[in-house]
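Engineer: 3D model of this:
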Amino acid sequence: MRSRDLRPGFFKNEQLARCEPLARILFEGLWALADRGGRLEDRPERIRVEVLPFDAVDPDALLAQLHAQALIERYVDSHGRALIEVPTFHKYQRPYKGEPDSPLPAPDEPGCQRRPHSEVLRSSPEFAQSTCPFPFPLSPVPSPLSNPPGGGKTHPPTTSQRHQLGLPGVPPPLASVECAPTRKTTPDPDAPLPCPTTALLALWVEVCPALPAPVLPWSGQPARHLSARWRENAAHWRWGDQAQGLQWFRDLFAHVTRSRFLTGRVGPRPMSSTAFEASLEWLVKPDHWRKVLQGQYHDAGAR
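Structural biologist: This next block holds a predicted model:
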């Protein structure tokens, strides 16, 4: 992200006033994410992670609000990449002289297809794109399964559908209520699945026996990171039960074992007599997690 200017008129913009408060904050974040030309890739979940990492929001819906008010242009280039341009970027922003020119085409260049400003629904499949080699990408594009006809309940995706299905994350409640309920309540089907920490630790040892075992007691920041990764993906993929989540993590851990670097098969590190070996504590950190999902630690034939 880059440092950008915020003008006083931002707070009284009538177009922004028609959008939700978090959409207004997201609009500011787009300036910082955009390149010198005011353009960036239209990857809603990546944008949410950068601008609204602590909020339970649907970033695609917020971007749709900004697009409907003509505050941003959402379009697709000739290569099928979904892109965003902020039309008024150069009116209010002054990029520094050394900032490189935008490598992304403008929406009015040949081969680019704009989306109509009246579009407020999720992206349609023709705008789908995913370059992640791992079958569970960080920023997938919704498929028709995410909005079934008639509003029916969605079914868990198959392996072939995982790269197409994308749903917003829903974090857990900030605090539990300790007082006893005054009446019986029915279980909330949308409540996040509790993280089966013990089962996940055992699964790591089972699938990755050659890698460092989790250090017990498992608490503090590692425990919080593992729980956060579970919650994010449970909401993202709408797991119906913990068994689906454990299978997802089993596939992920197996993916880790296919990396020569993560399993210490590339030789000693510089200034060290030992090779690097990934631990579960290392894996669940947000930056490491994202890079593993993107396949950045894997050879081309081991993904």
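Engineer: Could you list the low-confidence segments of this structure?
Structural biologist: 1-3, 5, 7-9, 96-97, 117-191, 268-273, 300-303 (pLDDT under 70).
Engineer: mind redoing it with 80?
Structural biologist: By pLDDT under 80, the low-scoring segments of the chain are 1-13, 15-16, 31, 88-99, 116-192, 267-274, 300-303.
Engineer: Helices of that one, residue ranges please.
Structural biologist: Ranges of helices in the chain, per DSSP state H, are 14-17, 21-33, 44-51, 59-68, 89-92, 197-207, 220-237, 242-257, 280-283, 286-293.
Engineer: and the fifth one, what other elements does it pack with?
Structural biologist: In terms of contacts (3 or more CB pairs under 8 Å, 6 or more residues apart in numbering; DSSP states H and E), helix 89-92 is not packed against any helix or strand. C-betas here are computed from N, CA, C, even on glycine.
Engineer: buried sites along it?
Structural biologist: residue 89 (16 or more other CB atoms under 10 Å).
Engineer: Can you convert the helices of the chain into a markdown table and add a column each for distance to residue 116?
Structural biologist: Output for the helices of the chain, formatted as a markdown table (distance: least, CB to CB, whole Å):
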| stretch | distance to residue 116 |
| --- | --- |
| helix 14-17 | 16 |
| helix 21-33 | 19 |
| helix 44-51 | 18 |
| helix 59-68 | 9 |
| helix 89-92 | 21 |
| helix 197-207 | 45 |
| helix 220-237 | 28 |
| helix 242-257 | 36 |
| helix 280-283 | 42 |
| helix 286-293 | 33 |
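Engineer: how does the chain divide into domains?
Structural biologist: The chain breaks down by automatic domain parsing into domains covering 8-154, 197-302.
Engineer: I'd assumed residue 85 was in contact with residue 73.
Structural biologist: Yes - contact criterion CB atoms under 8 Å: residue 73 and residue 85 qualify, at 4.5 Å.
Engineer: Give the residues shared as contacts by the two.
Structural biologist: residue 107 (CB atoms under 8 Å, 6 or more residues apart in numbering).
Engineer: Find the nearest non-adjacent residue to residue 24, please.
Structural biologist: Counting by CB to CB, 6 or more residues apart in numbering, residue 16 is the residue found nearest to residue 24 once chain neighbours are left out, at 5.0 Å.
Engineer: ugh, wrong one, residue 82
Structural biologist: Using CB to CB, 6+ apart, the closest residue to residue 82 is residue 42 (3.7 Å).
Engineer: One more: residue 254?
Structural biologist: In space, residue 254 is closest to residue 207, 5.7 Å off (CB to CB, 6+ apart).
Engineer: And residue 30, by the same measure?
Structural biologist: Nearest to residue 30 is residue 86, by CB to CB, 6+ apart, at 5.8 Å.
Engineer: what's the neighbour count on that neighbour?
Structural biologist: 22 (other CB atoms under 10 Å).
Engineer: quick one: contacts for the residue nearest to residue 254?
Structural biologist: 250, 253-254, 257 are the contacts of residue 207 under CB under 8 Å, 6+ apart.
Engineer: try 6 Å
Structural biologist: By CB atoms under 6 Å, 6 or more residues apart in numbering, the residues touching residue 207 are 250, 253-254.
Engineer: Could you turn the buried ones of those residues into a PyMOL selection?
Structural biologist: Selecting the buried subset of the contacts of residue 207 in PyMOL, with 16+ other CB under 10 Å as the burial test, is done by:
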select buried, resi 253
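Engineer: Out of the contacts of residue 207, which is nearest to residue 4?
Structural biologist: residue 253 (40.0 Å; CB to CB).
Engineer: Leaving out the residues flanking it, which one is nearest to that closest one?
Structural biologist: Closest to residue 253 by CB to CB, 6+ apart is residue 207, at 4.0 Å.
Engineer: The one you found and residue 41, how far apart?
Structural biologist: Look at residue 207 and residue 41: by CB to CB, to the nearest Å, they are 33 Å apart.
Engineer: try residue 293
Structural biologist: From residue 293 over to residue 41 (counting by CB to CB), the distance is 17 Å.
Engineer: And residue 80, by the same measure?
Structural biologist: The gap separating residue 80 from residue 41 is 12 Å, by CB to CB.
Engineer: So which of these two has more stuff around it?
Structural biologist: The neighbour comparison of residue 80 against residue 41 (other CB under 10 Å) goes to residue 41, with 14 against 11.
Engineer: what about residue 213, how many residues close to it?
Structural biologist: If we define neighbours as other CB under 10 Å, then residue 213 has 12 of them.
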